[in-house]
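Colleague: return a 3D structure for these sequence lines:
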Amino acid sequence: MYRGSNPRIVPIIVTIVIVALVISAVVALGRMMFGGSSSTTTTTTSVSSSVLDTSSDRSIRWTVRGPIVADENFRSYQITISASSRSYTVYSGYLNSVISTKSYANNDRAYEELVHALINADITNTRSSSNDDIRGVCATGGIAYKFETLRGSDADQSLWSSTCSGSRGTMAADALRIQALFVNQIPDFKPLFTSVY
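Modeller: Predicted structure coming up:
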């Protein structure tokens with residue numbers, strides 16, 4: 001009796017396993033095609049055109065902010081690059097009191113190479129985020145990064161990321177790759193935060 005019922009159970013189990021695999025494959029394919037995850041990265045055309053615009057009034061800026069601490073101990077810095085200049089400014093406190101500034105000349109070809117390197121480093125890949133505001137992000141011991149494209153002194157595109165896993169931000173590119181591209185534009189760059197570079 002047992003011998004006769006055994007052959008019927010094996011095909012039923014195999015059928016159930018195959019159906020489960022097909023359902024999971026269809027669900028995975030649906031998520032891939034229709035973006036079922038909130039962390040899906042997309043390439044933003046407006047960011048790309050802003051980065052690649054090398055007009056004389058255009059520039060790009062990289063801001064790195066340390067942990068949220070007392071005003072006296074808070075530090076941040078910015079690297080701003082245009083077709084004609086490069087600057088590295090270190091700030092103290094939340095009101096951005098300038099500690100030091102270094103400025104260098106630049107040229108059209110060098111700027112063009114940098115913006116294309118940023119595109120190749122996936123700076124245009126963005127992540128949807130419920131929080132577009134960087135204030136207070138990654139407060140206890142982490143580093144926050146902000147990338148901006150500027151027209152004159154006004155930012156027209158802004159992306160951010162951080163070293164904190166719970167605050168990934170809108171920038172999907174590897175922040176350390178972007179960091180390296182910016183700091184390599186400053187000949188005597190000295191790291192302000194030891195955990196950054």
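
Colleague: please make it C-alpha for all contacts and neighbour counts, starting now.
Modeller: OK.

Colleague: which of the residues in stretch 77-86 are buried?
Modeller: 77-84, 86 (16 or more other CA atoms under 10 Å).

Colleague: please flag which of these sit within strands.
Modeller: 77-82, 86 (DSSP state E).

Colleague: quick one on the thing from earlier: what's the closest of the buried residues of stretch 77-86 to Arg65?
Modeller: Lowest distance from Arg65 to the buried residues of stretch 77-86 (CA to CA) belongs to Tyr77, with 6.7 Å.

Colleague: in this structure that closest one contacts Tyr91, no?
Modeller: Yes. With contact defined as CA atoms under 8 Å, Tyr77 and Tyr91 form a contacting pair (5.7 Å).

Colleague: can you pull the domain assignment for the protein?
Modeller: 1-36, 41-183 (automatic domain parsing).

Colleague: those: which one's closest to Phe189?
Modeller: Taking those one by one with CA to CA, domain 41-183 is closest: 6.3 Å.

Colleague: can you give me how far that closest one is from the chain middle?
Modeller: Relative to the chain's own centre, domain 41-183 is displaced by 9 Å; criterion: CA atoms, centre = their mean, to the nearest Å.

Colleague: and that domain, what's its mean pLDDT?
Modeller: Across domain 41-183, pLDDT averages out at 87.

Colleague: rewinding a little: can you put the domains of the chain in CSV and add distance to Phe189?
Modeller: Shown next, in CSV, are these (distance: least, CA to CA, whole Å):
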stretch, distance to Phe189
domain 1-36, 40
domain 41-183, 6
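
Colleague: looking at those domains, which one is packed in the most?
Modeller: Highest mean neighbour count of the domains of the chain: domain 41-183, a mean of 18 (counted as mean count of other CA atoms under 10 Å).
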